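**Student:** Fold the following for me, if possible:
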Amino acid sequence: MALVSTKLIVLSSIKYSDTSLIVRCYTATDGLRTYFLKGILSRKKGKLKKAHFQPLMQLEVVASHSDKDKLDFIRDVKIDYAYNTLYTDVYKQTLVYFISEFLTNALREEINNEGLYDYLALNLQRLDHLTNYNNFHFVFLLNLSQFLGFYPDTENINYPYFNLEHGVFEEKITSDNSLQNKGLTIFKKLLGINFDTLDTVQFTTEEKQVLIAILIRYFSVHLTTFKKLKSVAILHEVLHT
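**Tutor:** Residues are numbered from 1 along each chain as shown. Okay, here's the model as predicted:
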């Protein structure tokens, strides 16, 4: 078991017995790690507090990392980046729970990927500062696919079909997992924006719901362990998206 110092982003936590938590995190040094926080729910004092492990918290920890398939332990913790709005703005809170659940499903590798960690950390900080963030989660998830190896190839973007399995535009349908017509038009609108142009494209409520479904389907095709997301219903209700 190695003692490491690393930055991490909390993805999710589940209660274990009445006093403990099992927390899944994405670390800057070792990819995905799962920590056992024994007795954290019963402590009134101590370095580790339940508030540290809210979804998408950015922390710096000293931790014991064990061999594969064993739980790790956090020895010391401090906040690496203190959010100003993510936990106080009800709309951003909704995005936090959706993004954290999405990342919990999408990130499965226990390998070092500093580029991916930096992408997550910097853009969550971006969300914290944004006042117009209607399209943030769409762009965030689309760009995430680049780090996972299946960002859409836009070379033939004028073709009438998009093959979700191969991530390419095609002249004819070659897969049951293909976009066309309205779904394709909405997907192309997303491909035309980035973080610096979030407010330049407007989606209707119906288009947002179609787009979320497309992105979930796209990730599900490429990640066999991707599960149904409970937070989508809340996203639709609160953000009409």
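
**Student:** domains in this protein, as residue ranges please.
**Tutor:** By the assignment in automatic domain parsing, the chain contains the domains 2-81, 90-239.

**Student:** Helices along the chain, start to end?
**Tutor:** For the chain, applying DSSP state H gives helices covering 90-106, 114-129, 136-148, 181-191, 205-222, 231-239.

**Student:** Can you lay out these as a markdown table showing mean pLDDT?
**Tutor:** Listed next are those as a markdown table, based on pLDDT from 0 to 100:
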| stretch | mean pLDDT |
| --- | --- |
| helix 90-106 | 96 |
| helix 114-129 | 97 |
| helix 136-148 | 97 |
| helix 181-191 | 97 |
| helix 205-222 | 96 |
| helix 231-239 | 88 |
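
**Student:** residues contacting the residue at minimal distance from the centre of the chain?
**Tutor:** Centroid check for the chain by C-alpha atoms, centre = their mean gives residue 103 as the closest residue, at 3.2 Å. Shown in contact with residue 103 (C-beta atoms under 8 Å, 6 or more residues apart in numbering): 11, 26, 120, 144. To be clear about C-beta, it is placed using only N, CA and C from the backbone, and glycine gets the same treatment.

**Student:** ok, now with 10 Å
**Tutor:** By C-beta atoms under 10 Å, 6 or more residues apart in numbering, the contact set of residue 103 is 9-12, 24, 26, 32, 55-56, 120, 140-141, 144.

**Student:** Can I get those in JSON lines including neighbour count?
**Tutor:** Output for these, formatted as JSON lines (neighbours: other C-beta atoms under 10 Å):
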{"residue": "9", "neighbour count": "22"}
{"residue": "10", "neighbour count": "20"}
{"residue": "11", "neighbour count": "24"}
{"residue": "12", "neighbour count": "18"}
{"residue": "24", "neighbour count": "17"}
{"residue": "26", "neighbour count": "23"}
{"residue": "32", "neighbour count": "18"}
{"residue": "55", "neighbour count": "20"}
{"residue": "56", "neighbour count": "23"}
{"residue": "120", "neighbour count": "23"}
{"residue": "140", "neighbour count": "22"}
{"residue": "141", "neighbour count": "21"}
{"residue": "144", "neighbour count": "21"}
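
**Student:** any idea which strand is longest in this protein?
**Tutor:** Ranked by number of residues, the top strand in the chain under DSSP state E is strand 2-16.

**Student:** Tell me which other helices or strands it touches.
**Tutor:** strand 20-27, strand 31-37, strand 58-65, strand 73-81, helix 90-106, helix 114-129 (3 or more C-beta pairs under 10 Å, 6 or more residues apart in numbering; DSSP states H and E).

**Student:** Compute the mean per-residue pLDDT across it, please.
**Tutor:** The pLDDT scores in strand 2-16 average 95.

**Student:** What are the buried residues along that strand?
**Tutor:** Residues 4, 6, 7, 8, 9, 10, 11, 12, 13, 16 are the ones in strand 2-16 that count as buried (16 or more other C-beta atoms under 10 Å).

**Student:** The last one contacts residue 34, doesn't it?
**Tutor:** No: if you go by C-beta atoms under 10 Å, residue 16 and residue 34 don't touch, sitting 11.2 Å apart.
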